[in-house]
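Enquirer: have a look; sequence and predicted model below, questions after that.
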Amino acid sequence: MHHSKVFFLGASPNPKRCATLHPAKRSFVSLIYFILPHPQAVIWGFLQAPLLSGGGNSDAMVDFQKHTLGNELTVIAHYDDSTPMASVSMLYKVGSRNEDAERTGFAHLFEHLMFGGSANAPQYDVHVQRAGGECNAFTTTDFTCYYVTLPAQNIATALWLESDRLLHPLLNEETLKIQRQVVVEEFNQRYLNQPYGDVSLLLRPLAYKVHPYRWNPIGKSIDHIANATLSEVKQFFGKFYTPSNAILSIAGNILPGRAFLLAEEWFGDIGRAAAPPDSIAPEPPQTAPRTLSVRRNVPAAAIYQAYHIPPRRHPDYHACDLIAEILAGGKSARLYRKLVQEEPLLSSVSADAGGEMDAGLLTVSGHLLPQIDAQRANAAVTAELQRLSSENISEYELEKVKNKMESLHVFAETTAMQKAIALACAEMMGDANLVNTDIESYRRITTNDIRRVAADIFKRENSSTLVIKTKN
């Protein structure tokens, strides 16, 4: 996340969280939950009523229009006259999956470099503040997103700033040196020098052997960033920071027609360049279980089980997401009831179905109670996963998690910023209207689907297990 004094809701940045985001988790809106360091400040879900703006499906909850400029920049506009604010989200289709294996962390490094100013706006944050706005950014495995929220009458300021740093970013030795130091320090503080900070650095390469998801967006090694040259940085920028590789999303109190005119005014004269090829080799099917055990200076031992699951747009992804909720989505979930309350082996448990563009991971984790053997706890977790694979859950249990998922959709998307980012993320996944239709994919899941998908993913040969033991 960009280090600036300007943050939404007065929150402090959380670089670790942003560097390990799962794009489009649960819904394209709920991604916002993971962006902000204090998610309790954000209400989840979709708007209950349709918005009365021009174009689109009249039954849609988030109405929008889409336009493509001559240089192939995709522009999405959503009108909401209930707010005096407007938000601009600029999403670039470059994340850690697009990096060279020997030069990782560049997408995240660029998130920082882009706040180093541009030819006509050397102090990006100052201009945002003067316009009464707030700004930030985040990097994932699949994309990098920059966003600004400000009074709607000042929307041109945000578009000017975004276009200027796309056209003339200040990429020089001084800026690179500063941001290299910032990212290296972030790597040290967030991943190497705090308990459980290096989990993703250990689990990803255990689960992936070919696909670039095998490294975290922060990078595989500090050296890759510490040794990054200006020539490499400029080459990376020229390849991925082009209009054809970007999505501009504008939401708030600005009519779509005016939004498109402003987009044309500020971005239309930027030269057209071919989008980089997206030819990433898929991860081969895992054929044998993998295990890694390490000792760390942590307060309690922990176990992590990761299973390969389909990509975000695959029909079975939604079942995977519901499975994660069934297993660990609160105190009534299966793993919590069994292993925290009834047979106390764990002090906490969690499960997450990562929604990446390519095949992701469903990860189940838990912190062990004192004196509990890791092998015993791991076997108990596995037994619960196998039970889900062999027995149909009740209609009540499925309906409960569906209702929870739907409630998350109902009570979010309250700000222009959330809508702008959600629309951009959905468009990157292939269809901006997924912000409106995605919930139906959850509603269609049956108890048979849950058992079938669980049986398919919770195979021993599909598992990667990380055990973190205490040093004491």
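Expert: Nice, thanks for sending it over.
Enquirer: my guess is Asn253 meets Ala86, correct?
Expert: Yes: using CB atoms under 8 Å, Asn253 makes contact with Ala86 at a distance of 5.8 Å. To be clear about C-beta, it is placed using only N, CA and C from the backbone, and glycine gets the same treatment.
Enquirer: so between the two, which is more surrounded?
Expert: Ala86 (27 against 17; other CB atoms under 10 Å).
Enquirer: shouldn't the more buried one be in contact with Leu255?
Expert: No: with contact defined as CB under 8 Å, Ala86 and Leu255 do not form a contacting pair (10.7 Å).
Enquirer: circling back: identify the contacts common to Asn253 and Ala86.
Expert: Ala152, Ala416 (CB atoms under 8 Å, 6 or more residues apart in numbering).
Enquirer: show residues contacting the helix or strand Glu111 falls within.
Expert: Glu111 belongs to helix 106-113 when assigned by DSSP states H and E. Outside helix 106-113, the residues within contact range by CB under 8 Å, 6+ apart are 1-3, 19, 94-96, 98-100, 137-139, 144, 146, 169, 171, 175-176, 179-180, 182-183, 217-219, 224-225, 228, 232-233, 236-237, 240-241.
Enquirer: just the strands from this structure, written as ranges.
Expert: 65-68, 74-79, 85-92, 134-139, 144-151, 246-252, 290-296, 302-309, 346-353, 360-368, 463-470 (DSSP state E).
Enquirer: make a markdown table out of those strands and add mean pLDDT and distance to Arg165.
Expert: What follows is these, written out as a markdown table (pLDDT from 0 to 100; distance: least, CB to CB, whole Å):
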| stretch | mean pLDDT | distance to Arg165 |
| --- | --- | --- |
| strand 65-68 | 98 | 21 |
| strand 74-79 | 98 | 17 |
| strand 85-92 | 98 | 9 |
| strand 134-139 | 96 | 11 |
| strand 144-151 | 98 | 9 |
| strand 246-252 | 98 | 12 |
| strand 290-296 | 97 | 39 |
| strand 302-309 | 98 | 36 |
| strand 346-353 | 97 | 33 |
| strand 360-368 | 98 | 31 |
| strand 463-470 | 98 | 39 |
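Enquirer: so which of these gets nearest Pro282?
Expert: Closest to Pro282 of the strands of the chain, according to CB to CB: strand 302-309, at 10.6 Å.
Enquirer: strand partners of that closest one, parallel vs antiparallel please.
Expert: strand 360-368 (antiparallel), strand 463-470 (antiparallel) (DSSP bridges).
Enquirer: including distance to Ala424 and mean neighbour count, could those go into TSV?
Expert: Output for those, formatted as TSV (distance: least, CB to CB, whole Å; neighbours: other CB atoms under 10 Å):
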stretch	distance to Ala424	mean neighbour count
strand 360-368	20	25
strand 463-470	32	20
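Enquirer: between those strands, which gets nearest to Leu346?
Expert: When those are compared by CB to CB, strand 360-368 sits nearest Leu346, at 3.9 Å.
Enquirer: can you list contacts of the closest one?
Expert: Contacts of strand 360-368 (CB under 8 Å, 6+ apart): 22, 199, 203, 207, 213, 300-312, 320, 323-324, 327-328, 335, 339, 345-354, 374, 377, 381, 385, 457.
Enquirer: now the contacts of helix 106-113: which count as buried?
Expert: 1-3, 19, 94-96, 98-99, 137-139, 144, 146, 169, 171, 175-176, 179-180, 182-183, 217-219, 224-225, 228, 232-233, 236-237, 240-241 (16 or more other CB atoms under 10 Å).
Enquirer: okay, and which of the residues you listed map to helices?
Expert: Taking DSSP state H, the ones among these that sit in helices are 19, 175-176, 179-180, 182-183, 224-225, 232-233, 236-237, 240.
Enquirer: going by distance to Leu69, which of the residues you listed wins?
Expert: Distances from Leu69 to those, taken by CB to CB, are shortest for Phe240, at 18.0 Å.
Enquirer: residues touching that closest one, list them.
Expert: By CB under 8 Å, 6+ apart, Phe240 lies in contact with Tyr92, Lys93, Val94, Asn98, Ala107, Pro276.
Enquirer: what's the local residue count around the second one?
Expert: Same thing as Lys93. Neighbour tally, Lys93, other CB under 10 Å: 21.
Enquirer: quick check: closest non-adjacent residue to it.
Expert: Once flanking residues are discounted, Lys93 sits nearest to Asn245: 5.0 Å by CB to CB, 6 or more residues apart in numbering.
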